[in-house]
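Asks: Take this sequence and fold it.
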Amino acid sequence: MKVRLSKKDLLEAELMAKDTVFMLERLSVSPRLENKNQSRLEANIFGFMAEFAVCRVLDTEPPRLNFATDGGVDLWLGDVTIDVKYTARNTNKLIFDSVSKFKSQVAVLVTATSNMDVMEILGWCSKNRFIEESYKKDFGYGERLVMDADKLQPIEQFWLKYTQNKFL
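Replies: The predicted model follows:
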């Protein structure tokens, strides 16, 4: 599902990313991974844009800036916790360092499109399903747990499942 972000969402994502990078640099925190294709700021902007895209589709409260940690939870849909993951278009993989790093009940994978204001939600997966179906892969910095985007369920199915359970 493709989601066009508003100018306000784009600005908020940029400002939140700048604040995050500013604080991390002031605290002398090294980037998590070196990425020759993308700056620390760009990575954070895309991450927040991904969160805004999911937020708008599921009608949750918008993402907010957390300085120490978000506890592995980016968004809440009622009492359901969601971790939004951004992936570069050429990767299309949901990746967690380990099972213990998958803190939310659900993960949603998002990527950018050729239009700067449009994000594409590739799908979602419950933590239990990820544990059952993910595989290990080493991208050059240690093994990670991975699920290919084509194994994820459409975001519409998540919304339907949540909505049906909400009224039971």
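Asks: in this structure, which segments are predicted with low confidence?
Replies: Residue ranges of the chain with pLDDT under 70: 31-36, 67-70.
Asks: how about 90 then?
Replies: Low-confidence segments of the chain, defined by pLDDT under 90: 20-40, 43, 64-72, 88-92, 139-141, 163-168.
Asks: can you map out the helices along it?
Replies: Using DSSP state H, the helices of the chain run over residues 7-26, 40-58, 127-133, 155-166.
Asks: For Gly140, find the nearest of those helices.
Replies: Smallest distance to Gly140 across those (CB to CB): 17.0 Å, for helix 40-58. To be clear about C-beta, it is placed using only N, CA and C from the backbone, and glycine gets the same treatment.
Asks: can you tell me how far Asn66 sits from Met23?
Replies: Remark: distance between Asn66 and Met23 (CB to CB, to the nearest Å) = 10 Å.
Asks: Deepest in the core, which of the helices of the chain is it.
Replies: For the helices of the chain, the largest average neighbour count (mean count of other CB atoms under 10 Å) is found in helix 40-58, namely a mean of 22.
Asks: Can you tell me which helices and strands it packs against?
Replies: Judged by 3 or more CB pairs under 8 Å, 6 or more residues apart in numbering; DSSP states H and E, helix 40-58 is in contact with strand 2-4, helix 7-26, strand 75-77, strand 80-87, strand 106-112, strand 118-126, helix 155-166.
Asks: make it 6 Å
Replies: Helix 40-58 is packed against strand 2-4, helix 7-26, strand 80-87, strand 106-112, strand 118-126, with contacts defined by 3 or more CB pairs under 6 Å, 6 or more residues apart in numbering; DSSP states H and E.
Asks: now these in CSV, with distance to Phe48?
Replies: Putting the helices and strands packed on helix 40-58 into CSV (distance: least, CB to CB, whole Å) gives the following:
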stretch, distance to Phe48
strand 2-4, 14
helix 7-26, 4
strand 80-87, 9
strand 106-112, 11
strand 118-126, 11
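Asks: Give me the spatial nearest neighbour of Leu75, chain neighbours excluded.
Replies: Among residues not flanking Leu75 along the chain, Ile82 sits closest, at 4.3 Å (CB to CB, 6 or more residues apart in numbering).
Asks: Also Trp76?
Replies: Thr60 (6.2 Å).
Asks: What count of nearby residues applies to that neighbour?
Replies: Neighbours of Thr60 under the rule other CB atoms under 10 Å: 17.
Asks: Isn't it up against Gly78?
Replies: No - Thr60 lies out of contact with Gly78 (CB atoms under 6 Å); the separation is 9.0 Å.
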